[in-house]
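A.B. asks: need a 3D model of the following:
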Amino acid sequence: MEQRFIYRALGTGLLGGLLAFVFARIFAEPFIQKAIDYESGRDAAQEALDKAAGLAVPAAEAEIFTRTVQRNIGIATGMVLFGVAMAGLFVVAYLIVSRRFPQIRPRVLAALLAGAGFVALYLVPFVKYPANPPAIGHEDTIGARSGVYVAMVAVSLVALVLASVAAYRLAPRFGAWGAVLLAALGFVVLTGIAMAALPALGHLGANRAEYGNFATETPQPLEAPDGTIVYPGFPADVLFKFRLYSLIAQMIMWATIGLVFGQLAERLSAAPAPASRKAEGATPIAEHQLGDSAAPA
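C.D. replies: Down below sits the predicted model:
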């Protein structure tokens, strides 16, 4: 029985990843291309400054995958695999919670868990470390950026679990709504403390040493030695639209997992047990009845 839930959940994760890819391909991809164009123009301006200063200019690196492959197969593969992975985590949580609270309807539980997964695994980390397009982020900080992002995800997930347990424990005393509000407040406090404690990306050691003390890694205007701006900073509109569409794509994926799996789980839970299982369940009763009939009067 559990395998049937797992297979359906993974299928909804695949579907959610595909829908998210279609949305991202239509709306977010043009801004990815604009970010790449900005990066290329900035690199050319930096090379011109280096040549004028008599510095050696490194040779251009060969492109491993073409933009056509990146914007189609690359993005699709990444989003589908991510959707399946998130659906795997989702179904594990669903099976655990559904056993503990069998009175909750499957589609209601699926919607609640999908919403919680979106908030804890994406939205809260996104508030602290939002998605960035190409041209934002420095090679020397890849490891540090990955570490602090994973730490934010872990804190958010732990805070969600603690908030859920607190809501369950507080419900008899404060009522359902009161317990949920208090638990939500605790979640906000815990994640807020983590956000304040974790460093901003612009404050990482490598960024401070090379670029100065900025809040983010968003490229600032490129200046010549005399202070003249030779290339502008990263366009704010491109950054905003990319982050907005990235957020919506994740909402589409999680909504698909929660709504579609909820409907499938509703049907699966209402389906009658297989005939073989019924027969197995009837065997002990039949043997008991046979024993009773064979007993001496």
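A.B. asks: per-residue pLDDT, residue 289?
C.D. replies: Note for residue 289: predicted pLDDT of 39.
A.B. asks: an error on my part: the question was meant for residue 226.
C.D. replies: 88.
A.B. asks: pull the number of nearby residues for residue 167.
C.D. replies: When neighbours are defined as other CB atoms under 10 Å, residue 167 has 20 of them. The C-beta positions use only the backbone N, C-alpha and C, and glycine is treated the same way.
A.B. asks: tell me which element it is part of?
C.D. replies: helix 142-197 (DSSP states H and E).
A.B. asks: what distance separates that helix from the middle of the whole chain?
C.D. replies: With CA atoms, centre = their mean, to the nearest Å as the basis, helix 142-197 stands 16 Å off its chain's centre.
A.B. asks: list the buried ones in the very next helix or strand once past that helix?
C.D. replies: Next in sequence after helix 142-197, counting helices and strands by DSSP H and E, comes helix 205-211. Neighbour-count burial for helix 205-211, counted by 16 or more other CB atoms under 10 Å, picks out residue 207.
A.B. asks: skipping its backbone neighbours, what lies nearest residue 164 in space?
C.D. replies: Setting aside the residues directly before and after it, residue 164 is nearest to residue 183 in space (CB to CB, 6 or more residues apart in numbering), at 7.0 Å.
A.B. asks: ok, residue 115 to residue 71 distance?
C.D. replies: 30 Å (CB to CB, to the nearest Å).
A.B. asks: my error: substitute residue 10 in the last question.
C.D. replies: For residue 10 relative to residue 71 (CB to CB), the value is 26 Å.
A.B. asks: equivalent analysis for residue 139, please.
C.D. replies: The value you get for residue 139 to residue 71, if CB to CB is used, is 22 Å.
A.B. asks: more neighbours, the two?
C.D. replies: The neighbour count for residue 139 versus residue 71, taken as other CB under 10 Å, is higher for residue 71 (19 against 7).
A.B. asks: now that one. Nearest residue, chain neighbours left out?
C.D. replies: residue 29 (5.3 Å).
A.B. asks: and the one you found, what element?
C.D. replies: Residue 29 belongs to helix 29-52, assigned by DSSP H and E.
A.B. asks: mind exporting that helix as CSV, just the C-alpha atoms?
C.D. replies: C-alpha atoms of helix 29-52 as CSV (Å, rounded to 0.1, in the frame of the first residue of the first chain):
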residue,chain,number,x,y,z
GLU,A,29,14.8,32.2,-19.3
PRO,A,30,14.8,35.6,-21.1
PHE,A,31,16.1,37.2,-17.9
ILE,A,32,18.8,34.5,-17.6
GLN,A,33,19.9,35.4,-21.1
LYS,A,34,20.0,39.1,-20.2
ALA,A,35,22.1,38.3,-17.2
ILE,A,36,24.5,36.3,-19.4
ASP,A,37,24.7,39.2,-21.8
TYR,A,38,25.5,41.6,-19.0
GLU,A,39,28.2,39.3,-17.8
SER,A,40,29.8,39.0,-21.2
GLY,A,41,29.8,42.8,-21.6
ARG,A,42,31.2,43.4,-18.2
ASP,A,43,34.0,40.8,-18.8
ALA,A,44,34.9,42.6,-22.1
ALA,A,45,35.0,45.9,-20.3
GLN,A,46,37.2,44.4,-17.6
GLU,A,47,39.6,43.0,-20.2
ALA,A,48,39.9,46.4,-21.8
LEU,A,49,40.8,47.9,-18.5
ASP,A,50,43.4,45.2,-17.8
LYS,A,51,45.0,45.6,-21.2
ALA,A,52,45.2,49.4,-20.7
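A.B. asks: quick one: that helix to chain centroid distance?
C.D. replies: With CA atoms, centre = their mean, you get 29 Å for helix 29-52.
A.B. asks: what is that helix packed up against?
C.D. replies: Judged by 3 or more CB pairs under 8 Å, 6 or more residues apart in numbering; DSSP states H and E, helix 29-52 is in contact with strand 222-223, strand 229-231, helix 236-270.
A.B. asks: what's next to it, contact-wise?
C.D. replies: 56-57, 67, 71, 75, 133-136, 219, 222, 224-225, 230-231, 234-235, 238, 241-242, 245 (CB atoms under 8 Å, 6 or more residues apart in numbering).
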